[in-house]
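Participant: Build me a model:
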Amino acid sequence: MREEEVHYDIAVIGGGLAGTCAAIAAARLGRRVALVNNRPVLGGNASSEVRVWVCGATAHGVHRWARETGVMGELYTENQFRNPEGNPYYWDQVVLDAVLAEPGIDLYLNTDVREVDASGPDDAREVHSCTGWMMGSERRITFHAQQFLDCTGDGLLGHLAGARYRIGRESRAEFDEPWAPEEGDEALLGSTILFHTKDAGRPVKFVPPAYARDLTTTPILRNRVLRTGDNGCDYWWIEWGGELDTVHDNERIRDELQAVIMGIWDHIKNSGEFPDAAHLTLEWVGSLPGKREYRRFLGDHVLTQQDILEQRQFPDRIAFGGWSVDLHPVQGMYADEPGARQRYADGVFHIPLRSLYSANVTNLLFAGRNISATHIAFGATRVMATCATIGEAAGTAAALCVAESLSPRELATKRPELVRRALLRQDASVIGLADDDPDNLARTARVSAAGHLARLAAEPTVRAPGAPSPLTRDLALLLPADPALDTVELLVHGADDGAERELTVELWGTGRPENAVPVDHLRTTTVTVPAGGPHWVAARFDHRPPHPENVVVVVRAEPAAALVLLPERTDGVLALRSRVEGDAAVDHDIPEEDGQLVLEWQARGLRRQTFAFRAAPDTDAFRPERAVGGFQRAYGGPQMWVSGPAADEEWLRLDWDHEQRLTEVRVVFDDDVDEYLNNLHRHRTPFEVMPELVRDYRLQSRAADGTWHTLLTVTGNRRRHRVHPLAAPDGGPVRTDALRLVVDATHGAARAHVIAFKAFGA
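Facilitator: Numbering: from 1, shown residues only. From the prediction side, this is the model:
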């Protein structure tokens, strides 16, 4: 056995997506980081060992423009390019490559941390080191660091350090949460093992092992749905252990879950109820339970059900989520009630920095499913893409703590702007935060462009003539009102019986800038639709909001009429339709709570399509100024520059009154965060690279004589966020009074899209 001691700025314990993103974020800010994982692969529950699909704020497409950016966004888009078929082994390599690309990270796999050296009073402890055993290598390694991150999921590091935590459910009285039980208890969400099947092309028998559970002796056949076309995460409900200790009883839970999987497969193959299963065989069965819940640490803020569903905007918000408050019965697969109860907010919700550090250990942060949240709120924050964005924020905070000699609490309460600006600079997953970074010299520049998209419309063409979409239900368009929305013309097919029809058309506000559903009724008008057609009809609203916002134009049902649906995406616009009886909002095996707006108004099935319309007056939503100092995500509007009609050259330009000394440029392009990229299960997206993403571009500076000099040329880009260091031929900063970003090609979109153009100096 070999004893080793190593020293780092930051030690990240746990290599799931939370820990991976934390380590990458900290390393990119110049810190030396140890990433320590007790398994041979990274990714945690997302890895090929467990194979849970990476859900997040999009919530299977329920929320709009909600896909994560930052490090998690890079993983999503890189996986989509490399691995469009969703191979779990290829996903492992995407995650590993992202870590290996950072020279500031030292990766320790198969290293189980089980000892912690910490001292101090109960309310102000400090971690000095932690020690892990590297399995198979007989190395006992002690990690010294200034800041420690517990990304273990189960929270073992923090527990050993003396951090305060909870296990189980709080009472309803403690936080006044409607879904909490009257009395608190230690009940948990259980663990799950998944399996994959394949068609062997010939009959394959199955002889069950002796331990296979006889499903006829359980409530499963009565209360759960078995289908031969399902496998993998379709069987998320194979869950058990909520009445046990999901850590100390892990082996017992694993045995029970595997026995049930064998019983399910025995029933499918041998009961005679599934004749189409004759050619199916088991391809893979997990051997590690995917844990959902254990310790939840106590921070300076405990996230609650009300925080989630009321979408509270914390001043120190550092990430967002969008998954439902998703709670499962304690008995898991043996429960008589449905496998889950879910409630969605009207849009994404926010997570504060104060929920990411220990209230009583001064140099301990955490990320993932163990953050400071009640059992109810944890039901929404626990999904992995959300955990990953929390990880990026925690890693960013840890790096700033080291750089500024601050504790996490001091950072959150005394210098929160450092975190906010760092997250915006790295294009992290935050919403509603404008760029106020004083180091971003673009904010002091005059912004111009070769042109911008000014006319908001979607009209039939020879290539996209459109098709009738009957108004058998309410249909709607979400579009920006910037600076006003006087009139919306709609292309409508009239009745076939020769009679006119009256259509009721309403204008609604979204309630909050981050939402995309009709909440606040603003105006109602009626329009007359002649028979036949289609005809352009005008709905007049004369809506002039005090600030730019999204609005929803709702066309109420009229079965004799139809809107024209075009098979094309329109920038800044979404087509919506109301639910009718029989529509499955998310999962048809889960009963849905009434009164959930994001389920009542759906965009799924209408992605990259638009109802034909023309809006007046011209819009300012895509002016070049939107790419400087903005929100970097849709927030009361699309928040990007979009080029205008085709020109000889599409460019976005920054001009200063005086010469600047520039050392770095950052550009954020549009990778359509409304497109759902979770391909690790059954979902497939047709694009390996989002069409809106800029493919080829040049960065130019203006010389004293007025000529433009190309500083760099990029071809084949497939990243949303690009960071370009700048240097003059003598190695010093680039001196210029103007920069120009020239877009030469996209990955298919007709216009150039730029979300942010930033410049930093010496």
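
Participant: rest of the way, CA atoms for contacts and neighbours
Facilitator: Fine.

Participant: give me the number of residues near the residue nearest to residue 188 when sequence neighbours are not counted?
Facilitator: In space, and not counting its chain neighbours, residue 188 is closest to residue 242: 4.4 Å by CA to CA, 6 or more residues apart in numbering. By other CA atoms under 10 Å, the residues close to residue 242 number 23.

Participant: From residue 166, how far out is residue 242?
Facilitator: Applying CA to CA, to the nearest Å, the value for residue 242 to residue 166 is 15 Å.

Participant: just residue 654 next, same as before
Facilitator: In terms of CA to CA, residue 654 sits 52 Å off from residue 166.

Participant: Pick out whichever of these two has more residues nearby.
Facilitator: The neighbour count for residue 654 versus residue 166, taken as other CA under 10 Å, is higher for residue 654 (25 against 17).

Participant: What residues of the helix or strand where the more buried one lies count as buried?
Facilitator: In the assignment (DSSP states H and E), residue 654 maps to strand 650-669. Under the neighbour-count criterion of 16 or more other CA atoms under 10 Å, strand 650-669 has 650-656, 660-669 buried.

Participant: Isn't the residue nearest to residue 188 up against residue 330?
Facilitator: Yes: with contacts counted by CA atoms under 8 Å, residue 242 reaches residue 330, the gap being 4.7 Å.

Participant: Report the secondary structure state of residue 477.
Facilitator: strand (DSSP: H, G, I helix; E, B strand; the rest coil).

Participant: The stretch 51-200 of the chain: strands as residue ranges?
Facilitator: Assigned by DSSP state E, counting those that start in this stretch, the stretch 51-200 of the chain shows strands spanning 105-108, 111-119, 126-134, 139-144, 147-150, 165-166, 191-192, 195-199.

Participant: Now the last one: buried residues?
Facilitator: Right, the one you point to is strand 195-199. In strand 195-199, counting by 16+ other CA under 10 Å, buried: 195, 196, 197.

Participant: Closest to residue 94 out of those residues?
Facilitator: residue 196 (21.0 Å; CA to CA).

Participant: Can you pull the residues that touch both of residue 242 and residue 330?
Facilitator: 187, 188, 189, 190 (CA atoms under 8 Å, 6 or more residues apart in numbering).

Participant: Now for the first one: which residues touch it?
Facilitator: Neighbour list for residue 187: 168, 169, 242, 243, 244, 330 [criterion: CA under 8 Å, 6+ apart].

Participant: Mind listing what's buried along stretch 590-609?
Facilitator: 592, 597-604, 606-609.

Participant: Narrow those to those in helices?
Facilitator: Among those, the residues falling in helices (DSSP state H) are 597, 598, 599, 600.

Participant: Just give the closest residue to the first one, not the sequence neighbours.
Facilitator: It stands for residue 597. residue 346 (6.0 Å).

Participant: Kindly report the same for the second one.
Facilitator: Distances taken as CA to CA, 6+ apart place residue 346 nearest to residue 598, at 5.7 Å, with adjacent residues excluded.

Participant: and what of the last one?
Facilitator: Counting by CA to CA, 6+ apart, the nearest residue to residue 600 once its immediate chain neighbours are dropped is residue 579, at 5.1 Å.

Participant: Next, count neighbours for that neighbour.
Facilitator: Neighbour tally, residue 579, other CA under 10 Å: 18.

Participant: what does residue 565 give?
Facilitator: Neighbours around residue 565, by other CA under 10 Å: 25.

Participant: And the pLDDT for it?
Facilitator: Per-residue pLDDT puts residue 565 at 98.

Participant: again with the one 4 residues further on
Facilitator: In this prediction, residue 569 carries a pLDDT score of 92.

Participant: just to revisit the earlier point, which is the next helix or strand following the strand holding residue 654?
Facilitator: Taking DSSP H and E, what comes next after strand 650-669 is strand 694-702.

Participant: Tell me how far that next one lies from the chain's centre.
Facilitator: 29 Å (CA atoms, centre = their mean, to the nearest Å).

Participant: Please apply the same query to stretch 134-144.
Facilitator: Using CA atoms, centre = their mean, the offset of stretch 134-144 from its chain centre is 34 Å.

Participant: now stretch 191-207
Facilitator: On CA atoms, centre = their mean, the centre of stretch 191-207 falls 31 Å from the chain's centre.

Participant: Now that stretch: buried residues?
Facilitator: Buried-residue list, stretch 191-207, by 16+ other CA under 10 Å: 191, 192, 193, 194, 195, 196, 197.

Participant: which stretches of this protein have low pLDDT?
Facilitator: 582, 584-588 (pLDDT under 70).
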